[in-house]
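Asks: Pasting the sequence and the predicted coordinates here, then a few questions.
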Amino acid sequence: MPNKPAAAKALRQTKKHAAANALRKEAFKDAVKKTLKSKSAEEALKLAIQAQKALDKAAKAGTIKKNTAARKLSRLMAKVNALNKK
């Protein structure tokens, strides 16, 4: 338990931020998984756009770093493009 009011407030803020970060992280992970499980190339491309939005939002909010979002998107698009070539 925090001993000072400032420490109690910091604990409340940490819990709130952690919950928001968990939601954002879950959103982009789900979007990436849906994209990878898609059957057709057109569907994969549409879902990849949604995954990009989720990754960019997470990066903008500071949940993940900008380069991490770029790396994940790059790897995802490489897989989607491989589906298009088949």
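Replies: Everything's here; your move. Numbering: from 1, shown residues only.

Asks: what's the closest non-adjacent residue to Asn84?
Replies: Nearest residue to Asn84, sequence neighbours excluded (Cβ to Cβ, 6 or more residues apart in numbering): Ala41, at 4.6 Å. No exception for glycine: its C-beta is placed from N, CA and C like everyone else's.

Asks: Please give me every residue in contact with Ala48.
Replies: Thr35, Leu76, Met77, Val80 (Cβ atoms under 8 Å, 6 or more residues apart in numbering).

Asks: Quick check: next helix or strand after the host helix or strand of Arg24?
Replies: Per DSSP states H and E, Arg24 falls inside helix 5-37. Using DSSP H and E, the helix or strand that follows helix 5-37 in sequence is helix 41-61.

Asks: centre of the chain versus that following helix, how much separation?
Replies: For helix 41-61, the separation from the chain centroid amounts to 8 Å (computed by Cα atoms, centre = their mean, to the nearest Å).

Asks: now do stretch 2-18
Replies: For stretch 2-18, the distance to the chain centre is 25 Å (Cα atoms, centre = their mean).
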